[in-house]
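Engineer: dropping the sequence and predicted coords here.
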Amino acid sequence: MRRRVKTARRLVALVAALGLPALLTGEASAQVKENRRLEACREVLEELLGGEERIPRDLLDKAECVAVIPSAKKFALGLGGRLGKGAVVCRRASGAGPWGPPLMISVGGGSLGLQIGGQAADYVFLVMNPKGIDHLVRSQFTLGADAAVAAGPVGRTGEAATDLRLKAEILTYSRTRGLFAGLSLEGTVVKQDKDAN
């Protein structure tokens, strides 16, 4: 009887020892994946803040949160869709403080009509007021239905045109293969990526 108990304990210890590195590797692998996602978000934001056609710096300074979705996939064959993963950071202290830790998010949406093709695009959302933040803390919301969105202005001339758009809770930007413009993403569902958080 004691021998069986000892053997069982050794077996449990062996299984635990073999399984532990697999668990640690899985956790480390997930962390590496999320770090890559954050690095891609940082690169997209840096690129879209520079150059002639850029997100106006004064809007970024006024934003309470910034979401970046790098390389979101858009595809269509009659039915169309959009799918991507990224991150959002919000300011602490009611929009006046420094940036807080990132929250992983995902976007998706569909469309119907005569369409065919596929491409990748980078998206940036500037959340401009507390009402927009309220939408972010939900598990999911739809741009245009739950949250008021508008295509964000770009470049130096865009800074003067922002008063009209500041009523929107979220300003949206998109870049596809070197092209960059404000873009309306109404109907896009934004939700927390609970697997990554």
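Structural biologist: Yep, that arrived. This one's a predicted model, so the numbers in the text were calculated from it and none came from an experiment.
Engineer: quick one: the helices in this protein?
Structural biologist: 2-49, 57-62, 130-137, 155-160, 162-165 (DSSP state H).
Engineer: and the fourth one, what's its mean pLDDT?
Structural biologist: The reference is to helix 155-160. Averaging pLDDT along helix 155-160 yields 52.
Engineer: now the longest one
Structural biologist: Looking at helix 2-49 alone, the average pLDDT works out to 63.
Engineer: could you do the second one as well?
Structural biologist: Averaged over helix 57-62, pLDDT sits at 84.
Engineer: which helices and strands does it pack with?
Structural biologist: Helices and strands touching helix 57-62, as assessed by 3 or more CB pairs under 8 Å, 6 or more residues apart in numbering; DSSP states H and E, are absent. Using the backbone N, CA and C atoms, a C-beta is placed for each residue, glycine as well.
Engineer: give me the buried positions along it.
Structural biologist: Buried residues in helix 57-62, counted by 16 or more other CB atoms under 10 Å: L59.
Engineer: also stretch 106-126?
Structural biologist: S106, V107, G108, G109, A121, D122, Y123, V124, F125, L126.
Engineer: any idea what L79 is bridged to?
Structural biologist: L77, L112 (DSSP bridges).
Engineer: I meant L83, not that one.
Structural biologist: Beta-bridge partners, per DSSP bridges, of L83: K73, G108.
Engineer: all numbers from here: first residue = 478
Structural biologist: Got it, the first residue is 478 from now on, which makes the last one we talked about L560.
Engineer: wait, what's in contact with it?
Structural biologist: Residues in contact with L560 (CB atoms under 8 Å, 6 or more residues apart in numbering) are A549, K550, S583, V584, G585.
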